[in-house]
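1. this one's structure only:
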């Protein structure tokens with residue numbers, strides 16, 4: 001309930017559309033996983 005979840009995506013990716021697409025795809029996949037109770041991808045402990 002008190003977690004702030006953010007991607008580690010610093011570094012100026014404005015020129016790399018494929019990177020932005022990958023970040024968005026990972027976020028959407030993890031959102032669906034979280035909503036269905038599945039483990040998240042690329043989770044940091």
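-> Arrived safely. Everything numeric in this text was worked out from a predicted model, so none of it was measured.
2. center of this structure - which residue?
-> Residue closest to the mean C-alpha point of the chain, counted by C-alpha atoms, centre = their mean, is residue 27 at 3.3 Å.
3. for the record, mean pLDDT for the helix or strand containing that residue?
-> Using DSSP states H and E, residue 27 falls within helix 17-35. Helix 17-35 carries an average pLDDT of 89.
4. And that helix, what's buried?
-> Neighbour-count burial for helix 17-35, counted by 16 or more other C-beta atoms under 10 Å, picks out residue 30. Placement of C-beta: from N, CA and C, glycine included.
5. Skip the chain neighbours and tell me the closest residue to residue 30.
-> Once flanking residues are discounted, residue 30 sits nearest to residue 40: 4.8 Å by C-beta to C-beta, 6 or more residues apart in numbering.
6. quick revisit: ok, the residue nearest to the centre of the chain to residue 41 distance?
-> 10 Å (C-beta to C-beta, to the nearest Å).
7. what's the helix holding residue 27 packed up against?
-> On a contact count with 3 or more C-beta pairs under 8 Å, 6 or more residues apart in numbering; DSSP states H and E, helix 17-35 meets no helix or strand.
8. now that helix: how far from the chain's centre is it?
-> Relative to its chain's centre, helix 17-35 lies at 5 Å (C-alpha atoms, centre = their mean, to the nearest Å).
9. What of stretch 30-37?
-> Offset of stretch 30-37 from its chain centre (C-alpha atoms, centre = their mean): 11 Å.
10. ok, and what's touching stretch 34-43?
-> Here stretch 34-43 makes contact (C-beta atoms under 8 Å, 6 or more residues apart in numbering) with 26, 29, 30, 33.
11. What strand or helix carries residue 43?
-> Using DSSP H and E, residue 43 falls outside every helix and strand.
12. Next, work out how far apart it and residue 33 are.
-> Noted for residue 43: a distance of 10 Å to residue 33, by C-beta to C-beta.
13. ok, now residue 1?
-> Taking C-beta to C-beta, one finds residue 1 at 19 Å from residue 33.
14. Residue 19 now?
-> According to C-beta to C-beta, residue 19 stands 21 Å off from residue 33.
15. Kindly report the same for residue 21.
-> From residue 21 to residue 33 the distance is 18 Å (C-beta to C-beta).
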